[in-house]
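Asker: next one to model:
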Amino acid sequence: SQAEADEIRDAVRKNTMIAGRMVSADERTALIVVELPESGFSNKLYDTIMGLSKQFSGPEILHVAGRPIVEGTLAILGPKDMGRTGPLVILVIAIVLLLVLRQARRTVITLAVVIASTIWAFGLMTALGVPLYSVSIMIPVMLIAIGVAYAIHLYNQIDYFTKGNPAAGRLEIAINAISVIGKPALFAALTTVAGFISLVSSQVYPVKYFGLFTAFGVAASWLLTMILVPSGIVLWGNGKPPAVSRGEINGYIPFGARFADAISAHKSHVYVLTGFVLLLSLWGISRVWINTSFLDNFEQSSPIVQTDAFVNRHFGGTSSVNIILDSEEPDTFKQPEVLALMDSMQSSVMQLENVGDSQSLINYLKRMHFSMNAADPAFDAIPGSSDIIAQYLLLYEMSGDPDNLWKVVDADFRSANVTVQLKSDDSRTINRVIDKAKEYVDDFAKKGITINFAGSGYKSLIFSNLILSGQIASLGLSVLIVFLLVAFMFRSALLGAIASIPVLISMVINFGIMGILNIPLTTSTALISSIAVGIGVDYAIHFIAHYREHLRKTGDEAVAARFSMSHTGRAVLLNASIVISGFMVMVFSVFPPNRQVGLLVSLNMLTAFLATVTIMFLVLRKSSSIVKERK
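Answerer: I've put the predicted structure just below:
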């Protein structure tokens, strides 16, 4: 009846444990909280929950929110996004390849290589039972965009060789391409693999698996390219002989030669400009912050974000941090002085931005003390006597439903739980709560109590710390491996250091841009630098190899510079253009972090290319006497 309904409404209004917590302040929204065990969530349960919400909707509107729902939505949208961006990447790469290679046959062979390597990578994932994470959707983009590099350099050498040797046979052309490009391509592949393999050092499994299977795909691309491209030349020939580039004189293209001469003539300007950009980037790096918000994987206008915002507006929040207080002594949390300290900490946390609500033993005791004293506001406080506290708790235990009490304290009253609800799951909000609680560590320690943390928000914080530590470890490891591989290839530590210049410059600029544009370090963006180390050094390897070759042949560093900039510089430019074209497709991803990755990797490739043909080129020329002597 309406009278009974009114009675329930009045009881809810008077109960601060329900009003504003389970029923919104405007009394138009009620909350149903479902608690799941740690391993209790699955795609099947997600489908069941979403199905029930649709089944019982109308005229009431049912909203479903919370971390498990966000993760479930992410798992569903990920494969769909991959199914959209993958074909688009292939289409874009195919068009660019056709323009660059100028032969349909070459384009088909190159595409066959990258598609096959992608299939192999996902086939291995399936065979090993590795699940598809949101970051996994970037693997096809990576492999398709990166895998074309080896074919580009092979075909560039084939064109260069056939221009000077128009009567050369098929086998001779194939052998020359392998003999000249084989070693640089091998070490370029090894350094790229090293960049991805370094991610295995991460303790975050999605990142670890991403690095492992992308490295496998890159190795497969190299192997297939080294087999199929020369085989195609032997079986079907080189097709129509490449036209001599307009204005080509004495074996090199005027634009490349002019660029090499201009860079050499204005080297002081190049150094100053690079120094300024690096200083600006270092300032930007100081502004980089870590964020593991799952909601930031979605557009602000997406239903999952809107639902989460709706719940956060009307209730305490969809994310949480649990402050766990532990003592060795039983009945510790029946002592008024301990509870007063606990109340002080809880009140301080409640003053923080984006903290919506908190729940602990304090709330229960204040409510019981208030109710037992005729609802006198003066008694809305912690009882001053441990005996009264013990009596209240005994009464609650005897009420027949003490389960809620055991969510905030254990049966021996040695451990207490303060649940802090947050209206945001970003790392800065969570850090503020953790830092505020830690201000009370010494005070609690004097009473023999330790502080620990748990909850979905705290897990996000731990996740972010793992990302940061993993990023530092993988970056250091990848740079070291790249240096050692290049030094071994050229038998020179100096050349290993020179090859690292574009990598380090692009890395600094990448993090600087992130800080300047307020792009956080996330699971996705954390991958960029390790990726850039592996890919960016490819440009340096090919450039150094051909510069050294021409320097030994001609003995003239100016001529070697012009040749290298004209021919290898062209191949590196084409390679960078194709990689950038592939990654720019990621701007069409439904996930904002993936769009950021596409833009940042594209920027990384551009800066690595520019650093290779400017700063590294100048340092290489300066070291010509040493380079020439190395065997």
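Asker: ranges for the helices of the stretch 201-350 of the chain?
Answerer: 205-236, 254-265, 267-285, 303-314, 336-350 (DSSP state H, counting those that start in this stretch).
Asker: adding distance to residue 589, write the ones you listed out as CSV.
Answerer: C-beta here means a position set from N, CA and C on the backbone, and glycine is covered the same way. Converted to CSV, the helices of the stretch 201-350 of the chain look like this (distance: least, CB to CB, whole Å):
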stretch, distance to residue 589
helix 205-236, 15
helix 254-265, 35
helix 267-285, 24
helix 303-314, 16
helix 336-350, 37
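Asker: where does the record place the domain boundaries for this protein?
Answerer: 2-62, 70-296+461-629, 319-422+424-454 (automatic domain parsing).
Asker: measure how buried residue 362 is and give me the count.
Answerer: For residue 362, the neighbour count with other CB atoms under 10 Å is 23.
Asker: just the element for it, please.
Answerer: Using DSSP states H and E, residue 362 maps to helix 361-372.
Asker: buried residues in that helix?
Answerer: 361, 362, 363, 364, 365, 366, 367, 368, 369, 370 (16 or more other CB atoms under 10 Å).
Asker: where in the stretch 301-450 of the chain is pLDDT low?
Answerer: The stretch 301-450 of the chain contains residues with pLDDT under 70 at 400-401.
Asker: before we move on, back to that, for the helix holding residue 362, packing partners?
Answerer: helix 336-350, helix 386-397 (3 or more CB pairs under 8 Å, 6 or more residues apart in numbering; DSSP states H and E).
Asker: rerun at 6 Å
Answerer: Using 3 or more CB pairs under 6 Å, 6 or more residues apart in numbering; DSSP states H and E as the contact test, no helix or strand touches helix 361-372.
Asker: before we move on, back to that, can you list the buried residues of helix 361-372 in TSV and add distance to residue 335?
Answerer: Below are those laid out as TSV (distance: CB to CB, whole Å):
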residue	distance to residue 335
361	12
362	13
363	17
364	16
365	12
366	16
367	19
368	16
369	15
370	20
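Asker: ok so, going back, tell me which of the helices of the stretch 201-350 of the chain sits most buried.
Answerer: Ranked by average neighbour count under the criterion mean count of other CB atoms under 10 Å, the helices of the stretch 201-350 of the chain are headed by helix 205-236 at a mean of 21.
Asker: so which elements touch that one?
Answerer: Packing partners of helix 205-236 (3+ CB pairs under 6 Å, 6+ apart): helix 104-127, helix 139-164, helix 170-197.
Asker: which ones are touching residue 169?
Answerer: If a contact means CB atoms under 6 Å, 6 or more residues apart in numbering, then residue 169 has no contacts.
Asker: show the pLDDT at it.
Answerer: According to the prediction, residue 169 has pLDDT 87.
Asker: show the backbone phi and psi for it.
Answerer: phi -80, psi 170 (degrees, to the nearest 10).
Asker: re earlier: so which of the helices and strands packed on helix 205-236 is the most packed in?
Answerer: Ranked by mean neighbour count under mean count of other CB under 10 Å, the helices and strands packed on helix 205-236 are led by helix 139-164, which reaches a mean of 25.
Asker: that helix to helix 170-197, inter-axis angle?
Answerer: Interaxial angle of helix 139-164 relative to helix 170-197 (axes from the mean of the first three to the mean of the last three CA atoms, to 10 degrees): 150 degrees.
Asker: run the angle between helix 139-164 and helix 205-236 for me.
Answerer: Going by the same axes, to 10 degrees, helix 139-164 makes 30 degrees with helix 205-236.
Asker: for helix 139-164, name the packing helices and strands.
Answerer: helix 67-101, helix 104-127, helix 170-197, helix 205-236, helix 569-584.
Asker: rank the helices and strands of this protein by mean pLDDT and give me the bottom one.
Answerer: helix 624-629 (a mean of 64; mean pLDDT, DSSP states H and E).
Asker: what's the closest non-adjacent residue to residue 222?
Answerer: Spatially, and ignoring its direct neighbours in sequence, residue 222 is nearest to residue 189 (3.7 Å; CB to CB, 6 or more residues apart in numbering).
Asker: how much space between the nearest residue to residue 440 once chain neighbours are set aside and residue 27?
Answerer: Leaving aside its sequence neighbours, residue 440 sits nearest to residue 345 (CB to CB, 6+ apart; 4.6 Å). Relative to residue 27, residue 345 is positioned 31 Å away (CB to CB, to the nearest Å).
Asker: repeat for residue 623
Answerer: For residue 623, the distance to residue 27 - CB to CB - is 77 Å.
Asker: in CSV, list the helices and strands packed on helix 205-236 along with distance to residue 389.
Answerer: Shown next, in CSV, are those (distance: least, CB to CB, whole Å):
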stretch, distance to residue 389
helix 104-127, 56
helix 139-164, 58
helix 170-197, 58
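Asker: lowest average pLDDT across these?
Answerer: helix 139-164 (a mean of 84).
Asker: and the angle from that one to helix 67-101?
Answerer: 10 degrees.
Asker: so how far is helix 139-164 off the chain centroid?
Answerer: 28 Å (CA atoms, centre = their mean, to the nearest Å).
Asker: could you check the angle it makes with helix 569-584?
Answerer: Using the same axes, to 10 degrees: helix 139-164 against helix 569-584 is 160 degrees.
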